[in-house]
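Chemist: After the sequence you'll find the predicted model.
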Amino acid sequence: MGLLRNILRTTAIGASAGIGTFFIATRKTTFVPMDPATLPLFSSRQARLFNPNKNPQTYDDCMRAVPFSKIKPELLEDKKALVTAFCAGVWSGPGYEIQRRYLERKYYGPETKEQLWTREQLKSSSYPVGTVVTDHFEVVQRTRDSVVVRCGDTPRIRDVRPSEGVFEMAAEVKPEKGVVEFHLRSVFWQGEGKADKAPMDGAILFLHQQYDKVLMESALRNVTK
């Protein structure tokens, strides 16, 4: 639980009250089923090209439904602006701060200085395809309601990497329900070599899912009133 505590210390969710308050604050965020046969993320170019051995995958879908009444009105009128603001909130918010600082200390330099590093850059970017976030995430696909990044290692490695993944940030407007469903969808696998099991389970998977919840709550601040 040490990693989780460290992450929570940098967020308003956990800064004052710790783990108990975190679980209360994220109780509306849930994990919903993902169907590899129908969800486009699984058939994306990255998921096919960079998993040559068809290794087992770890995947999950972190979802939070937010009523229209709580969304900034100007964002409800423009789906692209809505998902862009959600994406910007993921990377510029306090939930990502520990990882942002760690990657900045380790990888910022002459080769990477044109990437997005500061919270100001991360909040103001429009996230076109090709955008690189802190030498670890590269925008590889955009639709009207989603942004997909390739992850797992530095984007400077263009071929298959030992660790691979795709991460989707989606904002799906549901008029019939009067809500926007925000999703953080992750798919991870071993890229190089043959694996006999998925890369995450047990405690590691649990911590990953708690981190997803932190990122979700942090990101929503950028799209809600």
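Modeler: Received it, and whenever you're ready, just let me know what you need.

Chemist: can you map out the helices along this structure?
Modeler: Taking DSSP state H to define them, one finds helices in the chain at 2-9, 19-25, 45-49, 73-76, 79-92, 97-107, 119-124, 202-220.

Chemist: Can you check the pLDDT for the nearest residue to Val139 once chain neighbours are set aside?
Modeler: Leaving aside its sequence neighbours, Val139 sits nearest to Thr131 (Cβ to Cβ, 6 or more residues apart in numbering; 4.4 Å). For the C-beta atoms, the positions are set from N, CA and C on the backbone; glycine is no exception. Confidence at Thr131, expressed as pLDDT, is 98.

Chemist: Kindly report the same for Lys80.
Modeler: 97.

Chemist: so who does it touch?
Modeler: Contact analysis of Lys80 by Cβ atoms under 8 Å, 6 or more residues apart in numbering lists Arg144.

Chemist: for stretch 169-183, which positions count as buried?
Modeler: Judged by neighbour count using 16 or more other Cβ atoms under 10 Å, the buried positions of stretch 169-183 are 169-173, 179-183.

Chemist: Give me the contact list for that stretch.
Modeler: With contact meaning Cβ under 8 Å, 6+ apart, stretch 169-183 is reached by 61-68, 71, 76, 79, 82-83, 86-87, 90, 145-149, 168, 184-185, 216, 219-220, 223.

Chemist: Over to stretch 105-114?
Modeler: Identification of contacts with stretch 105-114 by Cβ under 8 Å, 6+ apart yields 117, 132, 134-136, 154, 156.

Chemist: Neighbour-wise, which one of those leads?
Modeler: Counting neighbours by other Cβ atoms under 10 Å, Thr134 leads the contacts of stretch 105-114 with 24 neighbours.
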